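Undergrad: Provided below are the primary sequence and the corresponding predicted coordinates.
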Amino acid sequence: MDKTRASIVSVAREAGVSLQTVSNVLNFPERVKPETTKKVLAAIEKLNYTPNLSARRLRSKKSSSIAVRVDSNAPVGKGSDGLYSGYIQDEFVYELVRASEIRGIKVFTYTCDPGENEVDKLTKLINSRDVDGFLLTSTVEADPRLKYLIDRNVPFLSFGRPWGSSAEFASSYPWVDVDGASGTRDATKMFWKLGHRTIGFLGWRTTNPSSTKPKSVADDRLLGWSQTYAELRDSKAKKSPRDYCELGDETIASARASAARLLSRHPDIDAIVCASDTLALGAQMEIASLKKNIPVSGFDNSPTSKVFNFSSLDQNISEIASLALKVLMGDEGNSIRKIDSSKQIAEPNLIIPPRLVVR
């Protein structure tokens, strides 16, 4: 054994506890009193102790790993896939890995093409003991993955709420999501405070643009703008706020076309809230081609928003990744387990507001 490396024995000696107590802190933190856990963690930090993960897995028969699916060119703003897409997917996986490293667990990524059965992939991962739990995306009502994991008693959490499902189903399993309506509401208020009074909106196509109950990410972001703009503008205004929006696809070309139609219909528009950074960039390009000076805001706070210098909404992905692990593992420790509401955070279904970055 490398004598320069701290051992569990030296950690126990430093903390003044038994070897079993140190083992419990590392593997079953729920069994240890908080004050004792703090002493052990302080000793681990002081001695720079690194647990032998391989030995731990052999003893516990657990992998200390969590699996998440990664997609190629995931669509933005369509159906329930809108949140988990492109840049956001990359950022989420990165932040999840970083938060997992702090916890002493690993992130296992897998793919699933349209023609593949994801349940089969989950089965292989579970049977091979490669992972202890899952972070799912794009869950829907009657989702076979949910029933399968529940029947197998495997811990899981979903990134993104089940849009359009019943309230009973939405509360039947744990998920975390971003409050899109809160984001576009903040962007609209920002423009209003800056003196803009005719605030347009560019979003994605939706099947229920007039509904007050969002059934998709597209609905959610549209609703935040429309409700806020309706509250702020003159109550005697003849036209509905929805007349000041254009809905299209998640491409720069579509955004330019939408911006052109919107400004042709309402040349007095003096600010535009957009459902994504891609749409904001397209709108900005069209505005420049028309030789107008109209500010736009985006969503995601991607590198695009920074390079082209427009305000955008940061989805707080770092916080979401940490909260996801907190739901699955409690406040501390590295044991992935099913939700126990008496010991975990009070509400397993969390909606996190984005942060407006003003430029």
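TA: Happy to help now that I have it. Numbers count the residues shown, from 1 in each chain.

Undergrad: so what are the domain limits for this structure?
TA: 8-51, 65-178+317-354, 180-314 (automatic domain parsing).

Undergrad: What is the neighbour count of Ala237?
TA: Residues near Ala237, counting by other CB atoms under 10 Å, number 12. For glycine as for every other residue, the C-beta is placed from the backbone atoms N, C-alpha and C.

Undergrad: just Leu323 next, same as before
TA: Leu323, neighbours per other CB under 10 Å, totals 18.

Undergrad: do you know how far it is from Ser254?
TA: 33 Å (CB to CB, to the nearest Å).

Undergrad: got the residue ranges for the strands in the chain?
TA: In the chain, the strands defined using DSSP state E lie at 65-69, 106-110, 133-137, 156-159, 175-178, 199-204, 245-248, 271-274, 296-297, 312-314, 349-352, 355-357.

Undergrad: With respect to burial, which of those scores highest?
TA: The highest mean neighbour count among the strands of the chain, using mean count of other CB atoms under 10 Å, belongs to strand 271-274: a mean of 30.

Undergrad: which helices and strands does that strand pack with?
TA: In terms of contacts (3 or more CB pairs under 8 Å, 6 or more residues apart in numbering; DSSP states H and E), strand 271-274 is packed against helix 180-193, strand 199-204, helix 252-265, helix 277-289, strand 296-297.

Undergrad: Which one of the ones you listed lies nearest to Arg337?
TA: helix 180-193 (30.4 Å; CB to CB).

Undergrad: Which other helices and strands does that closest one contact?
TA: With contacts defined as 3+ CB pairs under 8 Å, 6+ apart, helix 180-193 has these neighbours: strand 199-204, helix 217-232, strand 271-274, strand 296-297, strand 312-314, strand 355-357.

Undergrad: Name the surrounding residues that touch the last one.
TA: Contacting residues not belonging to strand 355-357 are listed as Gly183, Asp186, Ala187, Met190, Ser297, Asn301, Ser305, Ser311, Ser312, Leu313, Asp314, Asn316 [CB atoms under 8 Å, 6 or more residues apart in numbering].

Undergrad: change it to 6 Å
TA: Outside strand 355-357, the residues that touch it by CB atoms under 6 Å, 6 or more residues apart in numbering are Asp186, Asn301, Ser312, Leu313, Asp314, Asn316.

Undergrad: Quick one: mean pLDDT over it.
TA: Strand 355-357 shows a mean pLDDT of 97.

Undergrad: Neighbouring strands - and their directions - for it?
TA: Strand 355-357 has these partner strands in its sheet, going by DSSP bridges: strand 312-314 (antiparallel).

Undergrad: same question for the partner strand, mean pLDDT?
TA: Strand 312-314 comes out at a mean pLDDT of 97.

Undergrad: From the chain's centroid, how far away is it?
TA: Taking CA atoms, centre = their mean, to the nearest Å, one finds the center of strand 312-314 at 13 Å from the center of the full chain.

Undergrad: do the same with stretch 120-127
TA: Distance of stretch 120-127 from its chain centroid, counting by CA atoms, centre = their mean, is 24 Å.

Undergrad: ok, residues contacting that stretch?
TA: Ala67, Tyr110, Cys112, Val131.

Undergrad: that older thread, which of the domains of the chain comes out lowest on mean pLDDT?
TA: When I compare the domains of the chain, domain 65-178+317-354 is least confident, with a mean of 80.

Undergrad: distance between the ends of that one?
TA: For domain 65-178+317-354, the separation between the terminal residues is 28 Å (CA to CA, to the nearest Å).

Undergrad: do the same with stretch 247-255
TA: 9 Å.

Undergrad: buried set for it?
TA: For stretch 247-255, the neighbour count (16 or more other CB atoms under 10 Å) marks Leu247, Gly248, Asp249, Glu250, Ile252, Ser254, Ala255 as buried.

Undergrad: was I right about the fifth one contacting Ala283?
TA: No. Using CB atoms under 6 Å, Ile252 makes no contact with Ala283, being 9.3 Å away.

Undergrad: quick one on the thing from earlier: most neighbours per residue, which of the domains of the chain?
TA: Per stretch, and counting mean count of other CB under 10 Å, the top mean among those goes to domain 180-314, which has a mean of 20.

Undergrad: Span of that domain from start to end?
TA: Distance across domain 180-314, first residue to last, is 11 Å (CA to CA).

Undergrad: How about stretch 193-205?
TA: 28 Å.

Undergrad: Which residues outside it are in contact with it?
TA: Residues from elsewhere that reach stretch 193-205 (CB under 6 Å, 6+ apart): 77, 188, 191, 218, 221-222, 225, 229, 244-247, 255, 258, 262, 268-275, 279, 283.
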